[in-house]
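1. sequence plus predicted model, see below.
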Amino acid sequence: MTDELSPRVSPNELGFEGALRPASLEEFVGQTKVRGQLRLLLDAATMQQRTPDHILLAGPPGLGKTTLSMIVATELGKPLHQTSGPAIQHAGDLAAVLSALTPGEVLFIDEIHRMARSAEEMLYLAMEDFRIDIMVGKGAGATSIPLELAPFTLVGATTRSGLLPNPLRDRFGFTAHLEFYDDGELAQVVSRAAALIDFGIAAAGVSEIASRSRGTPRIANRLLRRVRDYSLVHGVPGDEDTVHRALSLYDVDAHGLDRLDREVLRAVVERFGGGPVGLSTLAVSVGEEAETIEAVVEPFLVRTGLLSRTPRGRVATRRGWEYTGIPLPDAL
Ligand SMILES: Nc1ncnc2c1ncn2[C@@H]1O[C@H](COP(=O)(O)OP(=O)(O)OP(=O)(O)O)[C@@H](O)[C@H]1O
């Protein structure tokens, strides 16, 4: 997949992303329902002087989960401790994090579905009773020592909420499902970011970036950066023409599809007669990892109505055929 259109963050853009993060719920664009629900949750907790319920943020990468966790901490006026599922490979890793929390602190665990099983069990007790049992010794002489924790709010983020075990999911008082953004919302994201990086861009250019950003603020901000670079290097204004030129350099087409999206769609149509075709066969035929196809390419193609998922495999829709320009067989 072209780096430009990957919804995942690359290490060298962390500073840029940090600078563009909205700092309050009011500044956070879109997700109106989730924002309203979070506002109520946080205000009620503040009025009752208690920690809010634990919060689970579910949704594809780049839609604002990390940003929302930071906003929760800021709104509560408490520090934020950030970690991630892959960093918690043993119960001891989690015990070290939990025992260091101060009262009211917000603990953000990104990719919480990737945490070790042994740690998950420790987390159940911690979430429910603000307590953990630490095992000391081994075999017959092993004993468990209870440890009281400071009350905290857990914010878990996951791109795969279906992979979370039920006992863990049930312990979150509130689950927010983040949705892809529409073009109008993405245009707001782009305008806001352009003002922050002091880049003058015409309204038509803003809309053009928005419509190619696959419903994802992270991609919108990244495309904006590419356009800003192009404008700077070539000494041209941030108008629609500059946006076209900059984005065609990165192989992003007018629908926001990149090389890999197009290859996947063409493979389904050309090599498998429109499908159905299984995920792993499709991945091999385009030389890409099945996980990337499933997590990144497919959701976008399905959302734009070019591909559909059926129990027997992936199938190109009528629009998908039309997009490739290959004539649709009469039978379809
Ligand atoms: N609603 C929004 N309004 C304005 N900017 C946003 C919004 N959501 C996300 N962004 C911007 O998009 C970028 C990515 O957001 P963030 O890191 O919060 O995504 P994420 O869902 O946590 O991604 P991942 O799952 O990869 O960690 C950030 O720079 C953030 O400023």
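-> Arrived safely.

2. burial check on L98, number of neighbours?
-> When neighbours are counted by other Cβ atoms under 10 Å, L98 registers 24. C-beta coordinates here come from the backbone N, C-alpha and C atoms, glycine included.

3. below-threshold pLDDT in the stretch 201-332 of the chain: ranges please.
-> Applying pLDDT under 70 to the stretch 201-332 of the chain flags residues 331-332.

4. which parts of it are helices?
-> 203-211, 217-234, 240-249, 259-266, 279-286, 290-292, 298-303, 318-324 (DSSP state H, counting those that start in this stretch).

5. quick one: work out the angle between the longest one and helix 240-249.
-> Using axes from the mean of the first three to the mean of the last three Cα atoms, to 10 degrees, the direction of helix 217-234 lies 110 degrees away from that of helix 240-249.

6. quick revisit: do you know which of the helices of the stretch 201-332 of the chain lies nearest the ligand?
-> The closest of the helices of the stretch 201-332 of the chain to the ligand is helix 217-234. By Cβ to the nearest ligand atom, the value is 3.5 Å.

7. just want the angle from the closest one to helix 203-211.
-> Here helix 217-234 runs at an angle of 140 degrees relative to helix 203-211 (the same axes, to 10 degrees).

8. circling back to that earlier point, with mean neighbour count added, can I get the helices of the stretch 201-332 of the chain in JSON lines?
-> Formatted as JSON lines, the helices of the stretch 201-332 of the chain follow (neighbours: other Cβ atoms under 10 Å):
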{"stretch": "helix 203-211", "mean neighbour count": "20"}
{"stretch": "helix 217-234", "mean neighbour count": "21"}
{"stretch": "helix 240-249", "mean neighbour count": "17"}
{"stretch": "helix 259-266", "mean neighbour count": "21"}
{"stretch": "helix 279-286", "mean neighbour count": "16"}
{"stretch": "helix 290-292", "mean neighbour count": "14"}
{"stretch": "helix 298-303", "mean neighbour count": "19"}
{"stretch": "helix 318-324", "mean neighbour count": "17"}
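
9. need those helices in JSON lines with distance to the ligand, can you?
-> JSON lines is the format used below for these (distance: least, Cβ to the nearest ligand atom, whole Å):
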{"stretch": "helix 203-211", "distance to the ligand": "12"}
{"stretch": "helix 217-234", "distance to the ligand": "4"}
{"stretch": "helix 240-249", "distance to the ligand": "18"}
{"stretch": "helix 259-266", "distance to the ligand": "18"}
{"stretch": "helix 279-286", "distance to the ligand": "21"}
{"stretch": "helix 290-292", "distance to the ligand": "14"}
{"stretch": "helix 298-303", "distance to the ligand": "13"}
{"stretch": "helix 318-324", "distance to the ligand": "27"}
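
10. could those go into JSON lines alongside distance to R309?
-> As requested, the helices of the stretch 201-332 of the chain are exported to JSON lines (distance: least, Cβ to Cβ, whole Å):
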{"stretch": "helix 203-211", "distance to R309": "24"}
{"stretch": "helix 217-234", "distance to R309": "22"}
{"stretch": "helix 240-249", "distance to R309": "28"}
{"stretch": "helix 259-266", "distance to R309": "13"}
{"stretch": "helix 279-286", "distance to R309": "9"}
{"stretch": "helix 290-292", "distance to R309": "14"}
{"stretch": "helix 298-303", "distance to R309": "6"}
{"stretch": "helix 318-324", "distance to R309": "12"}
